[in-house]
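> no letters, just coordinates:
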């Protein structure tokens, strides 16, 4: 029965992963909203949502690799913090590390996308 459950000691790992993805989407939306509002959009919330939905052009290979290194490095750092701590300190430090890592990842993707769109 152990194999059917998976090999993780923490049954809430998927909640952490889904939380990180939701945080990435929320931060990306916030960055797009801010960019649209600064550009003087009449409906920045609506336009930002469509900008996120309509991302059809993939990142250039160099930016994609850096984005994935940031993502995996943040995940690895978060896992290391979780391994090295325990109790209430674990929840606080893992949460803080995950928020910082996801913020850096979303900001990098936003900045490189903005530059690529301006260069086109």
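Perfect, I can see it now. Computed from a predicted structure; not experimentally measured.

> could you use CA atoms for every contact and neighbour count after this?
Fine.

> poorly predicted segments of this protein, please.
For the chain, applying pLDDT under 70 flags the ranges 1-11, 54-58, 114-120.

> how far out from the middle of the chain is the longest helix along it?
Criterion DSSP state H: the longest helix present in the chain is helix 87-119. Counting by CA atoms, centre = their mean, to the nearest Å, helix 87-119 is centred 5 Å from the centre of its parent chain.

> quickly note the distance from the residue nearest the centre of the chain to residue 65.
For the chain, residue 24 is the residue whose C-alpha lies nearest the centre (CA atoms, centre = their mean; 3.2 Å). According to CA to CA, to the nearest Å, residue 24 and residue 65 sit 17 Å apart.

> gap between residue 81 and residue 89?
Distance, residue 81 to residue 89, using CA to CA: 10 Å.

> which strands and helices lie in contact with the longest helix of the chain?
The criterion is 3 or more CA pairs under 8 Å, 6 or more residues apart in numbering; DSSP states H and E, and the helices and strands that helix 87-119 contacts are helix 13-38, helix 61-84.

> taking helix 61-84 as reference, get the angle to that helix.
170 degrees (axes from the mean of the first three to the mean of the last three CA atoms, to 10 degrees).

> residues of helix 87-119 that come out buried?
93-95, 97-99, 101-110, 112-113 (16 or more other CA atoms under 10 Å).

> kindly report the same for stretch 73-91.
Within stretch 73-91, the residues scored as buried using 16+ other CA under 10 Å are 74, 75, 77, 78, 81, 82.

> any chance of the residues you listed in a markdown table with distance to residue 30 as columns?
A markdown table is the format used below for the buried residues of stretch 73-91 (distance: CA to CA, whole Å):
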| residue | distance to residue 30 |
| --- | --- |
| 74 | 20 |
| 75 | 22 |
| 77 | 25 |
| 78 | 23 |
| 81 | 27 |
| 82 | 28 |
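
> any idea how far residue 105 is from residue 90?
From residue 90 to residue 105 the distance is 22 Å (CA to CA).

> what does the helix or strand hosting residue 51 rub up against?
If you go by DSSP states H and E, residue 51 is part of helix 44-53. Residues outside helix 44-53 that contact it (CA atoms under 8 Å, 6 or more residues apart in numbering): 28, 29, 32, 33, 34, 36, 37, 41.
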